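Asks: sequence and predicted model, in that order:
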Amino acid sequence: MSRSSVIWIGVLLVIGALLLRGAVCFHGVDQYSSDPDAYRAIAETLGVTGVFGLTTASGKTVATAFRPPLYPFLLSCLLSDQGLPNVAVTVLHALLGALAVLFTYLAGLSMLRARTGLWGPIVASVLVMIDPVLLRQSTLVMTETLATTLVCMVIWWWTRYRNGARDLAFGLVLGGLLALAFLVRPTFLVWGVLLAAAIVFYSRHSERVKWVQAASALAIISIVVGAWTIRNSRAVGHPVWATTHGGYTLLLGNNPSFYAYLDSGSKHGVWDSEAFQIAYSHRYDGDPRTAEFWQQEWNGPREVQSDEVVRTVTEHSDDRLAYESAMAVMKRQPSMFLWAGVVRVCRLWDPFPRQTAGRVSWTVTVIGLYYCCLYVAMLVGFCRLGRAFFTATWWPVFALFLTLTLVHAVYWSNIRMRAPAIPAIALLAAIAVPVRPPQRVGVSTEKLDPSCG
């Protein structure tokens, strides 16, 4: 197929993504008023005061490291009259969704075309376009949409230029993209380290070139992580390299209430976290690092902390208390921690969303069946790739699966946590497309470089 046809297909996919994502986002435009993760609040404070922080009820601005900075920064650029218009978020998420589809298509041209022709990249792009989790998350003020787009860009850059750039360019751009991904989700730091290591082990360049590329990628990531850490040290008083929300996320997945729910065989359906939330609100009325604290009956949630707590507790110390409380639970019940890790991984990759209040049962069934079919296609794709899946071309996909699995085996997880992996899933599933391109005269790339994928 001609180059112009390849381009026109890409244009049509982007237009289709803009129309679909735009329609979904505009349909749920009112949902952007909700701010469950405080991204809107941080963005508005940043846009109005220039401080990455939160504004208290009294009007005081307090610097924060509660969330990673890139997504709130983008939102702050969209402020109008000191507020964030829902329509602006709609446009941003629609554009990011279209970019995710575009870069999935471009990555597919490098990864799939030799096996599936153009059908593989097209199918992978469409799967990203229509994915239920991505469509749902695009209607919320959360990071999944931006994180997924950056993942697509990283995979595209890796597969397109891994063997082409012989200077600093490849490592610098790769490091820059991974650093941006870290500023959206600190989890991607693990992915970045795995990709940098792969440059050294998989690259067919000379020793000097591959070490320079790996070092330059790690240098960019380290500079960005270091800059964020220094900012937090100055702004919140402690060198926080990730966020001050990790402790709560760890405790949410490792607390006596959740462990008791798992120990009962999960026979009561979805875990009701109300008892945990009530106890957590009283964390300064006792010592949550002890078993006795969690066994105590609390009379409803504490709405306001005492004056002493307000004066002495910092964002960092509150996060550390949550970490220490979670670690204490894990040490007291090591076998339950291991079992909870298995449950968290299963929930991360579960094809069926959890049946919660407000979710229609038939939609849960349809979405679950869709993901079952997608996983079957993934399995077919994996079998067709065979050992090639563990070569350099597919390393970003494998490393991303590994990263999310390892991190969320410890921290709280649910189906939306796998949103950034959807493009990787789609690319692997597209290998199942039973179409082969016309045979060309000459030797294929795979035959020339079997070790690099």
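Replies: Good, I have the coordinates. None of these values were measured; they are calculated from a predicted model. Residues are numbered from 1 along each chain as shown.

Asks: if I look at T61, how far off is E315?
Replies: As judged by CB to CB, to the nearest Å, T61 and E315 stand 14 Å apart. Quick note: C-beta positions are derived from backbone N, CA and C, even for glycine.

Asks: can you check L338 too?
Replies: 31 Å.

Asks: give me the more crowded residue out of the two.
Replies: Shown here are L338 and E315; by other CB atoms under 10 Å, E315 has more neighbours (23 against 12).

Asks: number of nearby residues for the spatially closest residue to A291 that is not a sequence neighbour?
Replies: Among residues not flanking A291 along the chain, R332 sits closest, at 6.3 Å (CB to CB, 6 or more residues apart in numbering). R332: 14 surrounding residues under other CB under 10 Å.

Asks: surely R332 touches F293?
Replies: No - using CB atoms under 8 Å as the test, R332 is too far from F293 to be in contact (11.9 Å).

Asks: and the pLDDT for the residue nearest to A291?
Replies: Per-residue pLDDT puts R332 at 97.

Asks: try N299
Replies: At N299, the pLDDT value in this model is 88.

Asks: equivalent analysis for the one 5 residues further on, please.
Replies: As predicted, V304 sits at a pLDDT of 89.

Asks: tell me the secondary structure for it?
Replies: Classification of V304 using DSSP: H, G, I helix; E, B strand; the rest coil returns coil.

Asks: quick check, A196 in contact with I220.
Replies: No - using CB under 8 Å, A196 is not in contact with I220; the gap is 10.1 Å.

Asks: what is in contact with those two at once?
Replies: G175 (CB atoms under 8 Å, 6 or more residues apart in numbering).

Asks: which residue packs closest to D30, ignoring adjacent ones?
Replies: Leaving aside its sequence neighbours, D30 sits nearest to N86 (CB to CB, 6+ apart; 6.9 Å).

Asks: ok, now V407?
Replies: Spatial nearest neighbour of V407, excluding adjacent residues (CB to CB, 6+ apart): T187 at 5.0 Å.

Asks: number of residues surrounding that neighbour?
Replies: If you count neighbours by other CB under 10 Å, T187 ends up with 21.

Asks: same deal with S203?
Replies: Count around S203 with other CB under 10 Å applied: 19.

Asks: what's the closest non-adjacent residue to it?
Replies: Closest to S203 by CB to CB, 6+ apart is K210, at 3.8 Å.

Asks: need the contact list for the one you found.
Replies: Residues near K210 by CB under 8 Å, 6+ apart: I199, V200, S203.

Asks: least confident pick among those residues?
Replies: Ranking these by pLDDT puts S203 at the bottom, with 72.

Asks: surely it meets Q213?
Replies: Yes - between S203 and Q213 there is a contact under CB under 8 Å: 7.1 Å.

Asks: the nearest residue to A328 once chain neighbours are set aside: what's it in contact with?
Replies: Nearest residue to A328, sequence neighbours excluded (CB to CB, 6+ apart): R289, at 4.3 Å. Neighbouring residues of R289 by CB under 8 Å, 6+ apart: L321, E324, S325, A328.

Asks: same thing with P85?
Replies: L78.

Asks: all further residue positions should be reported with the first residue as 800.
Replies: New numbering, starting at 800: the last item is P884.

Asks: how close does it get to V1232?
Replies: Taken as CB to CB, the span from P884 to V1232 is 41 Å.

Asks: try W1010
Replies: 38 Å.

Asks: what's the answer for K1009, then?
Replies: Applying CB to CB, the value for K1009 to V1232 is 33 Å.

Asks: also A946?
Replies: The gap separating A946 from V1232 is 26 Å, by CB to CB.

Asks: and the longest helix along the chain, average pLDDT?
Replies: With secondary structure taken from DSSP state H, the chain has its longest helix at helix 1006-1034. The predicted model assigns helix 1006-1034 a mean pLDDT of 95.

Asks: stretch 1072-1081 now?
Replies: 95.

Asks: buried residues in that stretch?
Replies: Buried residues in stretch 1072-1081, defined by neighbour count with 16 or more other CB atoms under 10 Å: A1074, F1075, I1077, A1078, Y1079, S1080, H1081.

Asks: run through who's touching it.
Replies: Here stretch 1072-1081 makes contact (CB under 8 Å, 6+ apart) with 1047, 1050-1051, 1054, 1056-1057, 1087, 1092-1093, 1095, 1097, 1099-1102.

Asks: go again using 10 Å as the cut-off
Replies: 1047, 1050-1051, 1054-1057, 1059-1060, 1084-1085, 1087, 1092-1104, 1121, 1124 (CB atoms under 10 Å, 6 or more residues apart in numbering).

Asks: any shared contact partners between R1131 and F1092?
Replies: Each of P1055 lies in contact with both R1131 and F1092 under the rule CB under 10 Å, 6+ apart.

Asks: list only buried entries from the contacts of stretch 1072-1081.
Replies: Listed as buried from the contacts of stretch 1072-1081 are 1047, 1050-1051, 1054-1057, 1060, 1087, 1092-1093, 1097, 1101, 1121, 1124; burial here means 16+ other CB under 10 Å.

Asks: do you have the helices of the stretch 950-1099 of the chain handy? List them.
Replies: Ranges of helices in the stretch 950-1099 of the chain, per DSSP state H, counting those that start in this stretch, are 967-981, 987-1001, 1006-1034, 1045-1052, 1055-1062, 1073-1080, 1090-1094.

Asks: most tightly packed of the ones you listed?
Replies: Mean neighbour count (mean count of other CB atoms under 10 Å) peaks for helix 967-981 among those, with a mean of 22.

Asks: my read: A1187 touches L911, true?
Replies: No - at 11.8 Å, A1187 does not count as touching L911 under the criterion of CB atoms under 10 Å.

Asks: which one's more surrounded, those two?
Replies: L911 (26 against 17).

Asks: which residue, other than its chain neighbours, is closest to that one?
Replies: Nearest residue to L911, sequence neighbours excluded (CB to CB, 6+ apart): G919, at 3.2 Å.

Asks: now swap in R839 and tell me
Replies: V940 (5.1 Å).

Asks: doesn't the one you found lie inside a strand?
Replies: No - using three-state DSSP, the assignment for V940 is coil, not a strand.

Asks: quick check, pLDDT for it.
Replies: We have a pLDDT of 97 for V940.

Asks: quick one: contacts for it?
Replies: Taking CB under 10 Å, 6+ apart, we find V940 in contact with 830-840, 842, 870-871, 874, 883, 885, 888, 892.

Asks: separation between it and V1108?
Replies: Taking CB to CB as the measure, V940 falls 29 Å from V1108.

Asks: distance to A822 for the helices of the stretch 950-1099 of the chain - can I get that in TSV?
Replies: Formatted as TSV, the helices of the stretch 950-1099 of the chain follow (distance: least, CB to CB, whole Å):
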stretch	distance to A822
helix 967-981	27
helix 987-1001	30
helix 1006-1034	35
helix 1045-1052	33
helix 1055-1062	38
helix 1073-1080	35
helix 1090-1094	46
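
Asks: closest to V1142 out of these?
Replies: V1142 lies closest to helix 1055-1062 among these, at 6.0 Å (CB to CB).
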